[in-house]
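> quick check, what structure comes out for this input:
(chains A and B)
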Amino acid sequence: MSNGVTGTTASAKAEAVGTQRIKNIKEKIKDPFFWSDWLVVIAFIAVVAFFGVLAPESFLTTYNLNNILVAASIPAIIAVGQTFTVATAGIDLSVSSTMTFGAVVFGLGFTNGWPIWQCAVFSTLAGVLVGFINGFIIAKRKINDFIVTLGMLSVAAGAALVLSDGKPRQIISGPLATLAIGEVAHVPYLMFIALAIVLVAHFVLFNTRFGTHVLATGGDPDAARAMGISIVKIKIAVYSISGALAGFAAMLTIARIGAAEPAANTSILLNSVAAVVLGGVSLFGGRGTILGPFIATLLLQSLTNGLTVIGVAAYYQYLSIGLVVILSAALVRTDK
Amino acid sequence: MKKNRFLAAGVSVAVTSALVFAGIAPSHAAPKKLKDIRIAAVVKGLDNPFFIGIKEGIEETALKYGVTANVQAAPGLNDDIGQANKLDSLAGQNYDCYIVIPISSNNLSQGIGKITKKGKAVINIDSPVDAASLKAAGGKITSFAGTDNKAAGKAGGASMLKLIGSGKKIGLIAGLAGNVTSNARIDGFKAGAAGSTFVGPVNADWDTTKALDAANAMLVANPDLAGFFAANDQMAQGIARAVAAAKKNIPVYGVDGIADALKEVKAGTITASISQYPYVMGQMGVEACIIAAQGGKVPAQTITPYYVIDKSNIDKALTNKSTRGYFPNQTPPGAYKNPYTKLIKKK
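Have a look, this model is predicted:
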């Protein structure tokens, strides 16, 4: 081969590599999974930048950012549990009343003079119980997740009302108040708890056999079964995780509002589902991320906080938050 | 610097009345101008017309005085944490005063504590914040304005007694079992109509259909019933249907003054509704806030007005709209006590 030919080949090669790179980027942009992974981060940065520019003196203060972290802690924990159920192609619609049920159990223990840690253990166990029943019925009787947990939404809410006789129980406790308002380096204790749960969940989902089985169950249940994975056990496990986190979060709620309320707070359910979808977890199962829903929770809380801080009227807030959820969901559509 | 402050304080003392002087904190220089006063309000869910009434009262009163008001609501039904988040978001901003209506009696206490620590005033309207949880959070309520449900029930009882005379049998229909508001209204009514015999109260859970069934059963068991009292208007509407079906002509009383019930008062199917005035609660909240922001002494507690709306004043009630006029009966058809208005310095 002559030098001239080598020269042209080299430049052609370089050109080919160049076009390949551009093609790669183009393909990446076209790939919905790329977007579902990164859109939530981009959207989060955009929201913070938007309010930061609009109201730098009130939105970007340590006080206010601290507020956002406090507000995001409890929804983030619930979203982690929801991610596990959605990763198996299920959904837990009962989280909000499971949390209420846990709160009422906590309240009963507290009124009976139990120490805080014991109340917390029992409220978490109450959540596990609800989750176990959900998972058991879904897996054993092969009933749609949606129907079972929708039924449980009502059952757990009713159980909470029965147990508490419909009355809120005031819980005034020094340690709980510290938990709710304390902070280290402007990061609230509540956020440390949420972060710890997020990191553990991330490890479990991506670095353990159990996590792989969860994703396999959601991705292709028949193949998973053929590989010897017990769908029943996995389903029971993910709903128990969701229930446990809801029961545990009940304690944090009590710490924040100073009472065990028997009325279910359905916003927490909507928030968790929105965060999971925005975070890029496929509703069809098999594809999950823990960090995505976590960032999505921060995004949703920043949005609510920002709109409140800049004084957007309440009516428009409902509208804008709903629109952001639908828009982002449309952008991160990850159907198979 | 220090000297200036003393000078300013001296000037303000000279120009303000003795009454206002009593309320001036030493750190306040001159009272704030109306247009510089910023108020933040966190109300309950706006899916209930009652709270829309309060919101309008706040916004229109703010407009009237030229102060700024930012009204925020709980993001959803029963969203106690969401509401607490809203108050937390606003607590760090430069508002002079905060108006709050807690979803539960405890959920806003920590936020109020933060505001109190910043030395700002908090006005509580409609539903009271629990005193024990407030104390635990280090919060302080400057003024409370809300309805006295017992007194409202009592006014209804007295009115019915006048209509049917003493010693008659009256059927009572209550809301949810154990509900504080329902109990207060029923107890108040009994006190107002003392001398009558009472059947019930039967709990109809604030629900129209349940009240209809309950009233039917009561009418069958007690054909000599001379009147009915329900702890809210929706239940009174159910009773009115039962009474009409039994072809009786006995008075039916409800509480709240909702638009549908007022239409029935006009039509004559419901005899009277003891009305509350959410619009006025919002108005009083803003006025109390202005007084606090101006450094004045705010009355600690005010009972918001209630009125028995019957045939005699229904026409006035139906045309009594706010400037924006979404709902009838936003302000009482007669005079009512508002201790706040006269304490505001207008400039």
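> now the strands for the chain?
Because you didn't say which chain, this covers chain A. Listed in chain order, the strands found in chain A under DSSP state E are A:169-170, A:183-184, A:187-188, A:259-260.
> my bad, chain B
Here chain B has its strands, by DSSP E, at B:38-43, B:68-73, B:97-100, B:121-125, B:143-146, B:169-174, B:197-203, B:225-230, B:252-256, B:272-276, B:301-303, B:306-309.
> and those, which is most packed in?
Highest mean neighbour count among the strands of chain B (mean count of other CB atoms under 10 Å in any protein chain shown): strand B:252-256, with a mean of 30. C-beta: built from backbone N, CA, C; applies to glycine.
> run me through the strand neighbours of that one, direction for each.
For strand B:252-256, sheet partners with direction are given as strand B:225-230 (parallel), strand B:272-276 (parallel), following DSSP bridges.
> kindly format the C-alpha coordinates of that strand as CSV.
C-alpha atoms of strand B:252-256 as CSV (Å, rounded to 0.1, in the frame of the first residue of the first chain):
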residue,chain,number,x,y,z
VAL,B,252,-86.2,21.6,60.5
TYR,B,253,-83.0,23.3,61.6
GLY,B,254,-79.5,22.8,60.3
VAL,B,255,-76.1,24.4,60.9
ASP,B,256,-73.5,26.0,58.5
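> centre of the chain to that strand, how far?
16 Å (CA atoms, centre = their mean, to the nearest Å).
> and residue B:156, how far from residue B:270?
Residue B:156 sits 12 Å away from residue B:270 when distances are taken as CB to CB, to the nearest Å.
> who touches both of those two?
Residues touching both residue B:156 and residue B:270 (CB atoms under 8 Å, 6 or more residues apart in numbering or on different chains) are residue B:253.
> enumerate every residue touching residue A:133.
residue A:152.
> just the one 3 residues further on next, same as before
The neighbours of residue A:136, taking CB under 8 Å, 6+ apart as the test, are residue A:236.
> one step back: quick one: which of the strands of chain B is nearest residue B:211?
The minimum distance between residue B:211 and those falls on strand B:169-174, with 5.2 Å, by CB to CB.
> show residues contacting that closest one.
By CB under 8 Å, 6+ apart, the surrounding residues in contact with strand B:169-174 are B:160, B:164, B:182-183, B:185-186, B:189-190, B:193, B:196-204, B:211, B:214-215, B:218-219, B:222, B:224-231, B:235, B:239.
> again, only using 6 Å
Residues outside strand B:169-174 that contact it (CB atoms under 6 Å, 6 or more residues apart in numbering or on different chains): B:182, B:186, B:196-204, B:211, B:214, B:218, B:224-231, B:235.
> can you check stretch A:202-214 too?
A:87, A:88, A:229, A:234, A:290.
> tell me the least confident of these?
Taken together, the contacts of stretch A:202-214 show their lowest pLDDT at residue A:229, with 90.
> burial count for the closest residue to that residue other than its chain neighbours?
Excluding its sequence neighbours, the residue lying closest to residue A:229 (CB to CB, 6 or more residues apart in numbering or on different chains) is residue A:213, at 4.8 Å. Using other CB atoms under 10 Å in any protein chain shown, residue A:213 is surrounded by 20 other residues.
> and residue A:213, how far from chain B?
According to CB to the nearest CB, to the nearest Å, residue A:213 and chain B sit 34 Å apart.
> chain neighbours aside, what residue packs nearest to residue B:156?
Leaving out its chain neighbours, the residue that sits closest to residue B:156 by CB to CB, 6+ apart is residue B:274, at 4.6 Å.
> residue A:108 now?
Nearest one to residue A:108, counting by CB to CB, 6+ apart, is residue A:163 at 6.5 Å.
> mind checking how far the spatially most central residue of chain A is from chain B?
In chain A, the centroid-proximal residue (CA atoms, centre = their mean) is residue A:79; its distance is 1.7 Å. With the distance defined as CB to the nearest CB, residue A:79 ends up 14 Å from chain B.
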